[in-house]
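> Based on what follows, work out the 3D shape:
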Amino acid sequence: MIGETATLPAKVQSNNTKTQKGVKMKKAEFVDLVQKQGGYQTKKEAEQALNAVTNAITEALTKKEDVALIGFGTFTTAFQKGKTGQIPGKPGQTYTTKDKYVPKFKAGKKLKEMVESAS
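As a prediction, the model looks like this:
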C-alpha cells in the first residue's frame with residue numbers, strides 16, 4: 001500500500017532479473033507480494049485481484065477514460081501522430097508509422113516520494 005514499506009520475501013528477492021535500470025520482478029513474484037500485502041489466503045486469490053485491477057485499467061483506457069489513483073498515479077491514453085524516419089545503418093531506406101493511441105502513466109506525488117526515499 002502507499003505509505004507502507006514492503007519487504008520482499010526471500011524467494012521474491014532471489015528470483016528477480018537484473019536490468020540496466022535495476023531489478024525486474026516477474027509476475028509470479030509480484031503475485032506473491034500482492035498476496036502478502038493484501039492478506040490473501042492463496043496465490044490464486046491474489047492473482048485474481050491483480051488481474052481484476054489490470055483488466056479494469058485496460059478496459060477504461062480502451063474507452064479513452066483516465067484512471068486516477070490518488071497518491072499512486074494516473075493512467076491515460078495519448079494520441080501519437082505517425083512519423084517517417086530513416087532506418088539506422090541503411091542509407092536511403094525509410095520507415096513510416098501510423099497514427100495511434102498509446103497508454104501513458106504519470107506517477108503520483110506519494111509514489112515519487114517513496115521511490116526517491118528508497119534509493
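> alpha carbons only for contacts and neighbour counts from here, please
OK.
> I figured Gly85 hits Thr96, correct?
Yes. With contact defined as Cα atoms under 8 Å, Gly85 reaches Thr96; the gap is 6.6 Å.
> same question for the longest helix along the chain, mean pLDDT?
Counting by DSSP state H, the longest helix found in the chain is helix 43-62. Mean pLDDT, helix 43-62: 97.
> Any idea how far it is from the middle of the chain?
12 Å (Cα atoms, centre = their mean, to the nearest Å).
> And this protein, split by domain according to the record?
As assigned by automatic domain parsing, the chain contains the domains 1-63, 65-119.
> Let me have those in CSV, extended by mean neighbour count.
Listed next are the domains of the chain as CSV, based on neighbours: other Cα atoms under 10 Å:
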stretch, mean neighbour count
domain 1-63, 13
domain 65-119, 12
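> Mean pLDDT lowest where, among the ones you listed?
Among these, domain 1-63 scores lowest, with a mean of 81.
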